[in-house]
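Student: here is a sequence with its predicted model. Questions after.
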Amino acid sequence: MMFRRFMAVACTAFAEAAAEPVSALLLLSAVMLVHIAPVLQYTLLSEPGRLARDGGFSALLVFGALFAVPAVLRSIGREISSGTAAAALARPVPRPLFLAGKICGALLSLLLFALGVVSAALLSEGSCIAGCAGAAARGEHGTAAVSAACFALGTLPAFAALAAAAAAHRFKSSRFAPVLFTLLALSQPAAAAYAFLSGMAPFDARVIPASIPVLAFVAVMTVSAAALACRFRPAFAGAGTAALASAAMFMQLAPPRIRSALGFAVPDFGNFWLADAMSRAGEVPWSYVLHACGAAAALSAAWFLAGCAFFASRDIS
């Protein structure tokens, strides 16, 4: 019975995150930015595809946080302010179970968001590598280029998703935003798989392990936002999460004593950003990825326990 109620809360949170119009807009912006940014580069300043690869990681970090953190703040804040949370907890649903379901739903929607962005980064990087190889074969050394076929393969599904979502809304009375969000997230891995299997673009497997710690960092921010939303209003919880993210960016500059004192709650962003490790044919060891994910899991657990304590002392009647 409790598992079914947990799944109901999680599915509701997932649907709420995907149904927000801003969610589809953020995913569309992230995907198009990853594909278009390499087109604007004319001179090859480093290895081919690095701009697309780093752009994909940055899009996952920035747009992923802008997607997941407000989604969980809206979900929890809306439930508490509207009285829906009080009705759900009266069934009864334990407060920790309710909070865990909201967090899991938001993280599942973030995982779908990341699937689209990382697939777009893989395809865009392969497009840059293929385009630069073609330019070098024509004698244009040092010129940055993209593969026109791969670029079209990455961008056209986005326009097709817009048209399909509009048609579903017009003829099937389906909601435009969740259909667009789902189609965008699923069309990019399909396009990337076709490009790699057909030989149109090379596949850089290092992008996958390097993107996982970035996703783990965003997950910690999401859990911390959910914990703060259990005690404060969404605006204040969002400000607290932004302050936490800012502190995480500068953790490496802090003295060792401050880092050790804040380490139980504030992640060190430098430990989760592995883009620089991939330069000059560098490798991303899976052992490091697992350690980073373990640290993120411990931080998420600490924030979840804090959220349970905040939620237990809050009057939601």
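Tutor: Here it is on my side, so go on.

Student: just so I have it, where are all the helices in this protein?
Tutor: Here the chain has its helices, by DSSP state H, at 2-19, 21-36, 50-82, 84-89, 95-137, 148-171, 176-197, 207-229, 234-249, 256-262, 286-312.

Student: least confident of these, on average?
Tutor: Ranked by mean pLDDT, these end with helix 84-89 at the bottom, a mean of 66.

Student: tell me who's in contact with the most centrally placed residue in the chain.
Tutor: Computing the C-alpha centroid of the chain and ranking residues by C-alpha atoms, centre = their mean puts Gly64 first, at 3.3 Å. Contacts of Gly64 were listed using C-beta atoms under 8 Å, 6 or more residues apart in numbering, and they are Ala30, Leu110, Phe113, Ala114, Val117, Val214, Leu215, Val218. In this view, the C-beta of every residue, glycine as well, is placed from N, C-alpha and C.

Student: now render these as JSON lines, adding neighbour count and distance to Leu274.
Tutor: Output for the contacts of Gly64, formatted as JSON lines (neighbours: other C-beta atoms under 10 Å; distance: C-beta to C-beta, whole Å):
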{"residue": "Ala30", "neighbour count": "27", "distance to Leu274": "19"}
{"residue": "Leu110", "neighbour count": "24", "distance to Leu274": "19"}
{"residue": "Phe113", "neighbour count": "27", "distance to Leu274": "20"}
{"residue": "Ala114", "neighbour count": "25", "distance to Leu274": "15"}
{"residue": "Val117", "neighbour count": "31", "distance to Leu274": "16"}
{"residue": "Val214", "neighbour count": "26", "distance to Leu274": "8"}
{"residue": "Leu215", "neighbour count": "23", "distance to Leu274": "12"}
{"residue": "Val218", "neighbour count": "27", "distance to Leu274": "14"}
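
Student: could you single out the nearest of the residues you listed to Arg95?
Tutor: Nearest to Arg95 among these: Leu110, at 22.6 Å, using C-beta to C-beta.

Student: name the nearest residue to that closest one, sequence neighbours excluded.
Tutor: Ala68 (4.3 Å; C-beta to C-beta, 6 or more residues apart in numbering).

Student: relative to Ala201, how far out is Leu33?
Tutor: Plainly put, Leu33 is 19 Å away from Ala201 if you go by C-beta to C-beta, to the nearest Å.

Student: these two: which is more packed in?
Tutor: Just comparing Leu33 and Ala201: by other C-beta atoms under 10 Å the higher neighbour count belongs to Ala201, 27 against 18.

Student: tell me the contacts of that one?
Tutor: For Ala201, the contacting residues are Leu123, Gly126, Ser127, Ile129, Ala130, Ser147, Cys150, Ala195, by C-beta under 8 Å, 6+ apart.

Student: neighbours around the closest residue in space to it that isn't next to it in sequence, how many?
Tutor: Of all residues not flanking Ala201 in the chain, Gly126 sits nearest, at 2.9 Å (C-beta to C-beta, 6+ apart). Using other C-beta under 10 Å, Gly126 is surrounded by 27 other residues.
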